[in-house]
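K.L.:
No letters, just coordinates:
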Ligand SMILES: C[S@@+](CC[C@H](N)C(=O)[O-])C[C@H]1O[C@@H](n2cnc3c(N)ncnc32)[C@H](O)[C@@H]1O
């Protein structure tokens, strides 16, 4: 073990930046050891603080790039490393790690304030090219939720999302007294190893499905998907996608009026646009376009109804019938796929992938 990496300083720590400095040399060494840094590695350190971890990382890595938000810490770090034997390996970026563009790196090491835990994890997991792994200190509760498995109390949307994109392991429990000043909560170090290649799927839809399921994670899916507001959103999405399909097939009324030649050309253009948009989970412009069309159609329908002399009661009955049919459609999808009586708290990633697949196959979308 090398010499004590903890620098002496009298700085007043800033609570809003979550400044709890890790001062136990043994714990610092354990974190660096678990980071398994190779001499050829570029290490990204988030929130280096006074540089206690940085000092050890510089001994192992080819280069350390640190991102620190607090100018006082930046001054401290420059004082500590600018004229050290490792100065040539050290690069310091002053800024907010969440809004700063990350450079290329092999390994990320971070003991950051807990308020940026979630955005940091997803920023790392969406970073390209993919890195080898990240060793991250978090509030114990957050860390345990990241690694939680189906059926455990802490299993949640965060667990499913993190584990969809990475292999995630708990490494070390860290008590409050390892820090100065000690935080109010316990901490844990986890390792996140991104899945390479990353799974290819529509993440907006994926997250939409998880949001619905984890609203009441211990209920059966049959009950969750009976919820009025869930059905309302899914039905609206269903209608939107039906409209897209109609545009794709060149079946909109305006196009029927066009001659065959023009129609063919137009149809092709639309096909391309729509296909792109569907892949992206649809953008707002198209939503607006479709909403306009929908409201036009609604107005036309209303006029037609008035002309035909249909009264409001008949309208309401039609709407109820449509809702009932849609509810039955969702029930059947869950029943046929064997998920009707399953509970979100017990489903694993493969189950969620399968569930999204069968919903999408039946033209049910979560965005
Ligand atoms: C918990 S301290 C850890 C310091 C050091 N890594 C250690 O282990 O002793 C968190 C550090 O992250 C910095 N920080 C807070 N928010 C940040 C942000 N959004 N981006 C970059 N650094 C941040 C704080 O100023 C502080 O230096």
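P.N.:
Perfect, I can see it now. Only a predicted model underlies this, so the values are computations on that prediction, with no experimental measurement involved.

K.L.:
give me the number of residues near residue 334?
P.N.:
20 (other CB atoms under 10 Å). Every C-beta, even on glycine, is put in place using the N, C-alpha and C of the backbone.

K.L.:
pretty sure it is touching residue 328, no?
P.N.:
No: the pair residue 334 / residue 328 is not scored as a contact, 10.9 Å apart, by CB atoms under 8 Å.

K.L.:
Domain map for the protein?
P.N.:
5-198, 201-253+288-367 (automatic domain parsing).

K.L.:
centre of the chain versus the longest one, how much separation?
P.N.:
How far domain 5-198 lies from its chain's middle: 19 Å, per CA atoms, centre = their mean, to the nearest Å.

K.L.:
Between the domains of the chain, which one is closest to the ligand.
P.N.:
domain 5-198 (2.3 Å; CB to the nearest ligand atom).

K.L.:
Is there proximity between the closest one and the ligand?
P.N.:
Yes: counting by CB under 6 Å from any ligand atom, the ligand has neighbours in domain 5-198: 17-22, 46-49, 52-53, 67-70, 73, 96-98, 111-113, 116.

K.L.:
Helices of the stretch 1-150 of the chain, start to end?
P.N.:
Using DSSP state H, counting those that start in this stretch, the helices of the stretch 1-150 of the chain run over 25-34, 52-60, 71-81, 117-125, 140-147.

K.L.:
want to try JSON lines for these, with mean pLDDT and mean neighbour count as columns?
P.N.:
Below are these laid out as JSON lines (pLDDT from 0 to 100; neighbours: other CB atoms under 10 Å):
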{"stretch": "helix 25-34", "mean pLDDT": "98", "mean neighbour count": "18"}
{"stretch": "helix 52-60", "mean pLDDT": "98", "mean neighbour count": "22"}
{"stretch": "helix 71-81", "mean pLDDT": "97", "mean neighbour count": "17"}
{"stretch": "helix 117-125", "mean pLDDT": "96", "mean neighbour count": "19"}
{"stretch": "helix 140-147", "mean pLDDT": "98", "mean neighbour count": "20"}
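
K.L.:
Kindly reformat these as CSV containing distance to residue 209.
P.N.:
Converted to CSV, the helices of the stretch 1-150 of the chain look like this (distance: least, CB to CB, whole Å):
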stretch, distance to residue 209
helix 25-34, 34
helix 52-60, 38
helix 71-81, 41
helix 117-125, 17
helix 140-147, 19
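
K.L.:
Specify the stretch among these that is closest to residue 242.
P.N.:
helix 117-125 (32.1 Å; CB to CB).

K.L.:
which residues touch the closest one?
P.N.:
Identification of contacts with helix 117-125 by CB atoms under 8 Å, 6 or more residues apart in numbering yields 46, 97-98, 102, 108, 110, 112, 131, 134, 136, 138-139, 142, 146, 158, 161-162, 165-166, 192, 194, 198.

K.L.:
So which of those sit within strands?
P.N.:
Among these, the members found in strands (DSSP state E) are 46, 108, 110, 134, 136, 138-139, 166, 192, 194.

K.L.:
how about those residues, which pair is most distant?
P.N.:
139 and 194 (21.9 Å).

K.L.:
Against residue 240, how distant is residue 88?
P.N.:
56 Å (CB to CB, to the nearest Å).

K.L.:
out of the two, which sits in the busier spot?
P.N.:
Using other CB under 10 Å as the criterion, residue 88 and residue 240 rank with residue 240 on top: 18 against 8.

K.L.:
What residues sit buried inside the helix or strand containing that one?
P.N.:
Following DSSP states H and E, one finds residue 240 within helix 228-248. Across helix 228-248, burial judged by 16 or more other CB atoms under 10 Å covers 230-231, 233-235, 237-238, 240-241, 243-244, 247-248.

K.L.:
Kindly report the same for stretch 164-176.
P.N.:
Going by 16+ other CB under 10 Å, stretch 164-176 has these buried residues: 164-166, 168, 171-172, 174.

K.L.:
For the stretch 251-367 of the chain, give me the ranges with low pLDDT.
P.N.:
Scanning the stretch 251-367 of the chain for pLDDT under 70 picks out the ranges 251-253, 255-310.

K.L.:
change it to 90
P.N.:
Filtered on pLDDT under 90, the stretch 251-367 of the chain yields the residue ranges 251-320, 367.

K.L.:
Which residue ranges of the stretch 201-350 of the chain form strands?
P.N.:
Counting by DSSP state E, counting those that start in this stretch, the stretch 201-350 of the chain has no strands at all.

K.L.:
Now do the helices in it.
P.N.:
203-213, 221-224, 228-248, 253-257, 260-279, 284-308, 312-337, 349-361.

K.L.:
Mind giving me the packing neighbours of the helix holding residue 240?
P.N.:
Helices and strands touching helix 228-248, as assessed by 3 or more CB pairs under 8 Å, 6 or more residues apart in numbering; DSSP states H and E, comprise helix 260-279, helix 284-308, helix 312-337.

K.L.:
So residue 87 is in contact with residue 79, correct?
P.N.:
No: if you go by CB under 8 Å, residue 87 and residue 79 don't touch, sitting 11.6 Å apart.

K.L.:
quick one: pLDDT of residue 18?
P.N.:
Looking at residue 18, its pLDDT reads 85.

K.L.:
Tell me, how many residues neighbour it?
P.N.:
Count around residue 18 with other CB under 10 Å applied: 19.

K.L.:
which ones are touching it?
P.N.:
47, 112-115, 183.

K.L.:
how about it, phi and psi?
P.N.:
Backbone torsions of residue 18, given as degrees, to the nearest 10, read phi 60, psi 40.

K.L.:
Return the distance of the spatially most central residue of the chain relative to residue 72.
P.N.:
Taking CA atoms, centre = their mean, the centroid of the chain lies closest to residue 122, which sits 5.4 Å from it. For residue 122, the distance to residue 72 equals 28 Å [CB to CB].
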